[in-house]
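# Quick one, structure for this:
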Amino acid sequence: MASASPVLQLGLLRMRPLQYWLKFRVPPSAWGAVCDGRPAFGSWSQEESLLHINCLEMLAVMKALQFFQVTDGQMSLLVFSVPLLLVVAVMKALSCSPLSALCRQVYSGILKLLHRKVCVSSTHAFVFSNCTHGQAQSVLLTFDLYSTTHASSNIGPQKGEFLDEIVAREAPLRVLELGTHCGYASVRILRLLPPSGKLLTVELDPLTADRGEEIILVAGFKNQQFQVLTCSSAEAISSLRSHTGNDGLDLVLMDHDPELYLQDLLALQRGNLLSSSCVVLINRALTPGARDLVEHVTARPQSFSVGRQLHGLMEIRCHTGMSPKPQN
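Presented below is the predicted three-dimensional model:
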């Protein structure tokens, strides 16, 4: 490849002299890469494994560049991907590469499309028809059964058990869920809330919101225990005080658009809507869209502490919420 050293015109992309080869393999369950004799590898999350192979390849490039800490703006790479033999020229560091930015945009778009399409009609119909109405555990098991053979955007049983542990430990009285989907996480949360606890769950898509609310009712919960807000996360947060009164949120689950995670967290803080020991759970914490929030909280240890993480579900403890109420 030494003959590639002259500048090569590829549309608007110009290659610098080649410095490194990245060789990839992207099977359905994992990814691997070798750069200058050094290996890097990892497993796909349940959600990532549902993506098309082309999207996985772009995601693998981003993961490998982060692993190998590509930071030199003059560095150029040639990425060789198997099995599609896709050759990608990456011209600058991950943070400023136009091609890397394109990879992130395409990946983010495909992920959003996946979440819109896989959840609504078929998942709802299967769960509604096959679960035992009035039994939350049966609803969850039916969701899990469906997910073994169909694409689904719910968090699944492994992350679900992690969520269960957080809810049981925190015993939250006010919970905000951003991203209802088909109601899977809502049911998991509601069955573990204290008697006076309440869930507010937000879903932008009206059809998904209706289907999710119906599943929550099928699981046996009453309208007094939860409320589905059909609006954007920003609209929900701006009107949250009318639903919670002076009570702060004890638990927030973010499972909507990862690119909105940071701005929504900041909006919750500006509105003084978080309790003094609020826990924020973010799903898909490892995706490019969530990077801004993860970097924000890790850079502020006086305000946040990052707890456990399981398959991209990350626990964050906030230390900047409302002041504790005085004891009588």
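# C-alpha only now, for contacts and for neighbours.
OK.
# For residue 41, which non-adjacent residue is closest in space?
Once flanking residues are discounted, residue 41 sits nearest to residue 32: 4.1 Å by C-alpha to C-alpha, 6 or more residues apart in numbering.
# Tell me which helix or strand comes right after the helix or strand hosting the one you found.
Per DSSP states H and E, residue 32 falls inside strand 30-35. Counting by DSSP H and E, the next helix or strand C-terminal to strand 30-35 is strand 38-43.
# With just CA atoms, put that next one into PDB.
What follows is strand 38-43, C-alpha atoms only, in PDB (Å, rounded to 0.1, in the frame of the first residue of the first chain):
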ATOM      1  CA  ARG A  38      -2.700  -5.100  18.800                       C
ATOM      2  CA  PRO A  39      -6.100  -6.700  19.200                       C
ATOM      3  CA  ALA A  40      -9.400  -5.100  20.300                       C
ATOM      4  CA  PHE A  41     -12.700  -6.900  20.600                       C
ATOM      5  CA  GLY A  42     -16.100  -6.800  22.300                       C
ATOM      6  CA  SER A  43     -19.600  -8.200  22.300                       C
END
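# isn't the residue nearest to residue 41 right up against residue 44?
No. The pair residue 32 / residue 44 is not scored as a contact, 10.7 Å apart, by C-alpha atoms under 8 Å.
# worst-scoring helix or strand of the chain, pLDDT-wise?
strand 86-90 (a mean of 37; mean pLDDT, DSSP states H and E).
# quick one: the strands in the stretch 151-300 of the chain?
174-178, 198-203, 226-230, 249-254, 274-282 (DSSP state E, counting those that start in this stretch).
# now the residue nearest to residue 41: how far from residue 137?
38 Å (C-alpha to C-alpha, to the nearest Å).
# Those two: who's more crowded?
Neighbour totals were compared for residue 32 and residue 137, and residue 32 leads with 20 against 16 (other C-alpha atoms under 10 Å).
# What confidence value was assigned to that one?
Looking at residue 32, its pLDDT reads 75.
# any idea how far it is from residue 39?
Per C-alpha to C-alpha, residue 32 is found 7 Å from residue 39.
# got it, and residue 293?
For residue 293, the distance to residue 39 equals 28 Å [C-alpha to C-alpha].
# Repeat that for residue 229.
As for residue 229, its distance to residue 39 is 47 Å (criterion: C-alpha to C-alpha).
# ok, these two, which is more surrounded?
Neighbour count, other C-alpha under 10 Å: between residue 229 and residue 39, residue 229 has more, with 20 against 15.
# For the more buried one, give the beta-bridge partners.
With DSSP bridges as the criterion, the beta-bridge partners of residue 229 are residue 202.
# residues in contact with it?
200, 201, 202, 203, 209, 236 (C-alpha atoms under 8 Å, 6 or more residues apart in numbering).
# how does it look with 10 Å?
When contacts are counted by C-alpha atoms under 10 Å, 6 or more residues apart in numbering, residue 229 is found next to 177-178, 180, 200-204, 206, 209, 213, 235-236.
# Provide a list of residue ranges in the stretch 1-150 of the chain with pLDDT below threshold.
1-29, 35-37, 45-58, 62, 65-119 (pLDDT under 70).
# what about residue 232, neighbour count?
The burial count for residue 232: 15, using other C-alpha under 10 Å.
# Give me the pLDDT value at it.
96.
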